[in-house]
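# Model the following, please.
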Amino acid sequence: MTFRRLSRVGAFALSVGFAIGCGASDEPGQTTAGPAPEPVYDADVRPATIELVADPTSLPALSMRDLDGRTITSDDLRGKVTLVNFWATWCGPCRAEIPDLIKLQARYPEHLQVIGVSADEGPIQVVEDFATEYGINYPIVMATPELSGAFPGVMALPTSFVVDPEGRVVQTHVGLINPGVLEQETRFLAALDPSITVDLVDEDLHGRLVNAAQATEIPGLDLTVLTPEQRTTALQRLNEEGCSCGCQLTLAQCRINDSSCGFSLPLAEQLVAEIVGE
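Numbering: from 1, shown residues only. Okay, here's the model as predicted:
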């Protein structure tokens, strides 16, 4: 990975650039002028330097419908920082980070828009009940081929894409998100804190599982032949049960991090066969 450090002057210049594009506006999704909100998290958990992709890609035109039937388009999100969070109700790390996403959405309503993209394959009512139970205060949409095409490479949950106010994907987080990092990314991209410095980095394809990510695709296994209920059960077990090769990883992690392992594939196949036979 290549790093290029921006000076504080450079970071400030970028912040000013975003501020020009994100001032007061009557257009939907645009931020409004006003004092910067106080940070949610203490300074010791908010890094002074963040990483953003050096060559970000622009999102295509998108349209999605949330659980309440409201249509959200990519144009609606212009002018705000957007976090597109792929998750599922069965995913432990996803559930663990939701309270932080709720806090950040509540603190930065004019500057940040979180959108949860549910990868659940069961009844939508399960997702609706979950959102109510957790008090989720941001839109939830169901995963679609259009969204998967716009945000490619989601092989684990949670996976979160940070989109700048101009509609470019500037960072991807795989696994349990660090809320202090996300807050700093939001504050920088929304021009709320010119003291934050930035490292511009080459895009990381996130080939390995980190930060307690839960795999949704397993090398060597075709889970598309399973029913939605069987697939959910299989993914839960593959992300929980350990491989016997001595790697100290789950079966899912071992398959992704070392697809040549001679233990994980037979064990994973046996696990799936048991589920299909139940």
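# ranges for the helices of the chain?
For the chain, the helices defined by DSSP state H cover 8-21, 92-107, 124-134, 145-150, 179-189, 228-238, 251-257, 264-277.
# Those: lowest mean pLDDT?
When the helices of the chain are compared by mean pLDDT, helix 8-21 comes last with a mean of 38.
# so what's residue 269 closest to, chain neighbours aside?
residue 221 (7.0 Å; CB to CB, 6 or more residues apart in numbering). Quick note: C-beta positions are derived from backbone N, CA and C, even for glycine.
# Residue 268 is in contact with the one you found, correct?
Yes - counting by CB atoms under 8 Å, residue 268 is a contact partner of residue 221 at 5.7 Å.
# hang on, the earlier thing: neighbours of the residue nearest to residue 269, how many?
By other CB atoms under 10 Å, the residues close to residue 221 number 19.
# residue contacts, it?
Shown in contact with residue 221 (CB atoms under 8 Å, 6 or more residues apart in numbering): 255, 265, 268-269, 272.
# Separate out the buried members of these.
255, 265, 268, 272 (16 or more other CB atoms under 10 Å).
# okay if I get the helices of the chain as CSV plus distance to residue 199?
As requested, those are arranged in CSV below (distance: least, CB to CB, whole Å):
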stretch, distance to residue 199
helix 8-21, 10
helix 92-107, 22
helix 124-134, 33
helix 145-150, 25
helix 179-189, 12
helix 228-238, 34
helix 251-257, 25
helix 264-277, 35
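# of these, which approaches residue 58 most closely?
Across those, residue 58 has its closest neighbour in helix 145-150 (10.3 Å, CB to CB).
# which other helices and strands contact the closest one?
The contact analysis (3 or more CB pairs under 8 Å, 6 or more residues apart in numbering; DSSP states H and E) places helix 145-150 against strand 63-65.
# Mind listing what's buried along the strand it packs on?
residue 64.
# Pick out the residue nearest the middle of the chain.
Centroid-nearest residue in the chain, with CA atoms, centre = their mean: residue 160, separated by 1.0 Å.
# Was I right to think that one contacts residue 172?
Yes - the criterion here is CB under 8 Å, and residue 160 meets it with residue 172 at 7.1 Å.
# Could you chop the protein up by domain?
As recorded under automatic domain parsing, the domains making up the chain are 3-201, 217-277.
# ok now the first one, how far from the chain's centre?
Right, domain 3-201. Offset of domain 3-201 from its chain centre (CA atoms, centre = their mean, to the nearest Å): 8 Å.
# Same question for stretch 266-278.
Relative to its chain's centre, stretch 266-278 lies at 30 Å (CA atoms, centre = their mean).
# Can I get it in PDB? Just the C-alpha atoms.
Output of stretch 266-278 as PDB, limited to C-alpha atoms (Å, rounded to 0.1, in the frame of the first residue of the first chain):
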ATOM      1  CA  PRO A 266     -13.900 -30.700   3.700                       C
ATOM      2  CA  LEU A 267     -15.100 -29.400   7.100                       C
ATOM      3  CA  ALA A 268     -17.100 -26.700   5.500                       C
ATOM      4  CA  GLU A 269     -18.600 -29.100   2.900                       C
ATOM      5  CA  GLN A 270     -19.600 -31.500   5.700                       C
ATOM      6  CA  LEU A 271     -21.200 -28.600   7.600                       C
ATOM      7  CA  VAL A 272     -23.300 -27.600   4.600                       C
ATOM      8  CA  ALA A 273     -24.300 -31.200   3.900                       C
ATOM      9  CA  GLU A 274     -25.500 -31.500   7.400                       C
ATOM     10  CA  ILE A 275     -27.700 -28.400   7.100                       C
ATOM     11  CA  VAL A 276     -29.100 -29.500   3.700                       C
ATOM     12  CA  GLY A 277     -30.000 -32.900   5.300                       C
ATOM     13  CA  GLU A 278     -31.700 -31.500   8.300                       C
END
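# For that stretch, list every residue counted as buried.
For stretch 266-278, the neighbour count (16+ other CB under 10 Å) marks 267-268, 271-272, 275 as buried.
# Out of those, which is nearest to residue 145?
Proximity of the buried residues of stretch 266-278 to residue 145 (CB to CB) peaks at residue 272, which lies at 24.1 Å.
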